[in-house]
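Enquirer: just the structure for this:
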Amino acid sequence: ADNDGKVVVENVGTYTVDDKGQVTFVPVPSYVGTPTPVTVVESAVLISDDKTTAIITTKSMYTPTVTDVTMTSENATSTGIQGATQSGTPTFKTSDKSVTVVKHQLISPETNQATDSVTIPGEGTYTIEPTTGLVTFVPDPSYKEKGTGVTVQATDSNGETSTATYTPTVTPVSLTSTNVTSKDIQGATQSGTPTFALSNGAEATTTITGYKLVDPTTGQATDKTSVVVQSVGKYTIDSTTGKVTFQPDGAYKGTPDAIKVEATATVKNAKNETASITKEATYTPTVIPVTPSSEASETTGPQGQAQTSVIKYDTADTDASTVNFTKGSAMVETVAKSVELDKGTVTLLDANGAETTTVTVADQGTYSLNKDTNTITFQPLSSFVGKATPVTVQVKDANGTATTTTYTPTVTAVTPTGASSVTEGARGTTQTSPVVFDTPDQDNTTVNFNKGHEKVELDKSTLTLVDKTGKEVKEVVVPGEGTYVLKDGV
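Expert: Next comes the predicted model:
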């Protein structure tokens, strides 16, 4: 022992003894076992009666035994939704309560050295709280499987170490979708909103951040908010709600191929790093056909006189002499809907189907359309009698859907009548017979002409004599009888 009564045994420990003979052994932290005993010498001074002294010494052995203190560990795991921070605490226990765990660290998989933080590219970052051993895992926002995990090393008060693992599992965020349909009449705007739902618990890290249309021509989502499908219509999306509005072409009817909608969900972790996931759904509109209808018209009038047929819209046909057009309608679910007629499109169609306001039929007459008064007038040739070739009348609705019908006039013959005259007179004297128009025949001394129809006036300027050949003449000479002369209506 040194002067302080201390014995130091290298790699074993230190022995000290107090003035009462109490020996204390402090082993080095790494020592385990039974070391070589130390000798304890105790000296006493004996004083005799004659005042002489003697020193008496005794020796004893002190043998300590150091038992091993071990640490046991238990791995830790956790599970969390994609992007969510997770944590877990591997546990360590010493076999002797007098020895405590004083430090926790992570082991770098790259250097195999103790550290406070480990980042695994594409997976996430692990950090540890040194005192408690709590391991926190911040996943990469795109990571969605069982993690590689990290090794945790605990150090006790003896400097001994033990390891355990912490392994997180990341549950993927998923989107589910529901397709949607709508139905309306031809030409009407429709809309529908496909729905998207996040998987349970995903709301903690994930939000649906936008919606896009998928362009049918490319099959790819487009940043444009509108897509036009030729001969079908135009689709427009609200990028914040996912609502799709469909404006069909006026002529389109039926059910087109569904338009796809892509929803984007953004996953954000504690570092404000983000990743995106997408999901598609469809929107399918149905366009119910709507066709306007029409009723034909027929009129009858006297030879040479104009006839007219009135065009009526959305009015019950109570008179066969009118052309009637009625807007088309259809049921949508339990609601009746209709498409208004475009009155400005009313027209006649010629023999080639071309739109016009005047149609002339050879040897019959001419049809004329007056859009201001909504009338069709047929002016027959003065010589035409009978049922005329019908004229086709057309109108379109707001969608451009046409309906056609006909107007058929019939021209009745008009024949004026005449009453003969007989007079008497003395030989050699001139006799006269007045020509009377549209006057009842009171006696046989007048030549009477009456019009064949009240609307067809006699043309008095055509009054003439006719010889036996049918030729119009001023006078007629009958040999052996005399001469007939027409003058001043007599």
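Enquirer: pLDDT weak spots in the stretch 301-450 of the chain?
Expert: Within the stretch 301-450 of the chain, no range satisfies pLDDT under 70.
Enquirer: what of the stretch 101-250 of the chain?
Expert: For the stretch 101-250 of the chain (pLDDT under 70), the answer is none.
Enquirer: ok, now with 90
Expert: Scanning the stretch 101-250 of the chain for pLDDT under 90 picks out 200.
Enquirer: what segments of it are helices?
Expert: With helices called from DSSP state H, counting those that start in this stretch, the stretch 101-250 of the chain shows none.
Enquirer: next, the closest residue to Glu355 other than its chain neighbours: phi, psi?
Expert: Leaving aside its sequence neighbours, Glu355 sits nearest to Thr347 (C-beta to C-beta, 6 or more residues apart in numbering; 4.2 Å). Where C-beta positions appear, they are placed from N, C-alpha and C, glycine not excepted. Backbone geometry at Thr347, expressed as degrees, to the nearest 10, gives phi -160, psi 160.
Enquirer: I figured Tyr313 hits Lys343, correct?
Expert: Yes - assessed by C-beta atoms under 8 Å, Tyr313 is found in contact with Lys343 at 6.1 Å.
Enquirer: pretty sure Thr241 is touching Thr193, no?
Expert: Yes - at 6.6 Å, Thr241 and Thr193 qualify as touching, with contact defined as C-beta under 8 Å.
Enquirer: and the residue sitting furthest away from the middle of the chain, what does it touch?
Expert: In the chain, the residue that sits farthest from the middle, by C-alpha atoms, centre = their mean, is Asp50; the gap is 124.2 Å. By C-beta atoms under 8 Å, 6 or more residues apart in numbering, the contact list for Asp50 is empty.
Enquirer: next: the one 3 residues further on.
Expert: Each residue near Thr53 by C-beta under 8 Å, 6+ apart is listed here: Val45, Leu46, Ile47.
Enquirer: out of these, which are buried?
Expert: Buried by 16 or more other C-beta atoms under 10 Å: nothing, out of the contacts of Thr53.
Enquirer: which one among those gets closest to Thr334?
Expert: Taking C-beta to C-beta as the measure, Thr334 lies nearest Val45 of the contacts of Thr53, at 124.4 Å.
Enquirer: mind listing what's buried in the strand or helix carrying the closest one?
Expert: Here Val45 sits within strand 38-47, counting by DSSP states H and E. Buried residues in strand 38-47, counted by 16+ other C-beta under 10 Å: Val38, Val40.
Enquirer: show me how far the helix or strand just after that strand is from its chain's centre.
Expert: Once strand 38-47 ends, the next helix or strand along the chain (criterion: DSSP H and E) is strand 53-62. Its chain's average C-alpha position is 105 Å from that of strand 53-62, according to C-alpha atoms, centre = their mean, to the nearest Å.
Enquirer: ok, stretch 350-363 next?
Expert: Distance of stretch 350-363 from the chain centroid (C-alpha atoms, centre = their mean) equals 46 Å.
Enquirer: now do stretch 331-348
Expert: With C-alpha atoms, centre = their mean as the basis, stretch 331-348 stands 26 Å off its chain's centre.
Enquirer: then it to PDB, C-alphas only?
Expert: C-alpha atoms of stretch 331-348 as PDB (Å, rounded to 0.1, in the frame of the first residue of the first chain):
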ATOM      1  CA  MET A 331     -88.600  13.800 -69.900                       C
ATOM      2  CA  VAL A 332     -85.500  14.100 -67.700                       C
ATOM      3  CA  GLU A 333     -86.200  11.800 -64.700                       C
ATOM      4  CA  THR A 334     -89.700  13.200 -63.800                       C
ATOM      5  CA  VAL A 335     -89.300  16.700 -65.300                       C
ATOM      6  CA  ALA A 336     -90.400  17.700 -68.700                       C
ATOM      7  CA  LYS A 337     -87.900  19.900 -70.600                       C
ATOM      8  CA  SER A 338     -88.000  21.500 -74.000                       C
ATOM      9  CA  VAL A 339     -85.900  23.300 -76.600                       C
ATOM     10  CA  GLU A 340     -87.200  26.600 -77.900                       C
ATOM     11  CA  LEU A 341     -87.700  27.100 -81.600                       C
ATOM     12  CA  ASP A 342     -85.500  29.600 -83.400                       C
ATOM     13  CA  LYS A 343     -88.100  31.500 -85.300                       C
ATOM     14  CA  GLY A 344     -85.500  33.400 -87.200                       C
ATOM     15  CA  THR A 345     -84.500  30.200 -89.000                       C
ATOM     16  CA  VAL A 346     -87.900  29.700 -90.700                       C
ATOM     17  CA  THR A 347     -87.400  29.200 -94.500                       C
ATOM     18  CA  LEU A 348     -88.700  27.700 -97.700                       C
END
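Enquirer: mind listing what's buried in that stretch?
Expert: Residues of stretch 331-348 classed as buried: Val332, Lys337, Ser338, Val339, Leu341, Asp342, Val346, Thr347, Leu348 (neighbour count, 16+ other C-beta under 10 Å).
Enquirer: which residues touch the fourth one?
Expert: When you say that, I think you mean Val339. Going by C-beta under 8 Å, 6+ apart, Val339 touches Ile185, Gln186, Gly187, Val290, Pro292, Lys327, Gly328, Ser329, Asp397, Ala398, Asn399, Thr401.
Enquirer: list just the nearest of these to Gly353.
Expert: Thr401 (16.2 Å).
Enquirer: the closest one and Gln186 touch, don't they?
Expert: Yes - assessed by C-beta under 8 Å, Thr401 is found in contact with Gln186 at 7.0 Å.
Enquirer: next, the angle from the strand holding Val45 to strand 53-62.
Expert: On the basis of axes from the mean of the first three to the mean of the last three C-alpha atoms, to 10 degrees, strand 38-47 is oriented at 160 degrees to strand 53-62.
Enquirer: so what touches stretch 320-332?
Expert: Outside stretch 320-332, the residues that reach it (C-beta under 8 Å, 6+ apart) are 183-186, 288-299, 309-317, 336-341, 346, 376, 393, 395, 397, 401, 403, 405, 407.
Enquirer: any idea how far apart the tips of that stretch sit?
Expert: Stretch 320-332 has an end-to-end distance of 32 Å (criterion: C-alpha to C-alpha, to the nearest Å).
Enquirer: buried set for that stretch?
Expert: Thr322, Val323, Asn324, Phe325, Thr326, Lys327, Gly328, Ser329, Ala330, Val332.
Enquirer: ok, now which ones touch the closest residue to Lys146 other than its chain neighbours?
Expert: Nearest residue to Lys146 in three dimensions, chain neighbours excluded: Thr169, at 4.6 Å (C-beta to C-beta, 6+ apart). Contacts were defined as C-beta under 8 Å, 6+ apart; by that measure Thr169 touches Thr77, Ser78, Thr79, Gly80, Glu145, Lys146, Gly147.
Enquirer: which single one of these is nearest to Thr278?
Expert: The nearest member of these to Thr278, counting by C-beta to C-beta, is Glu145 at 19.1 Å.
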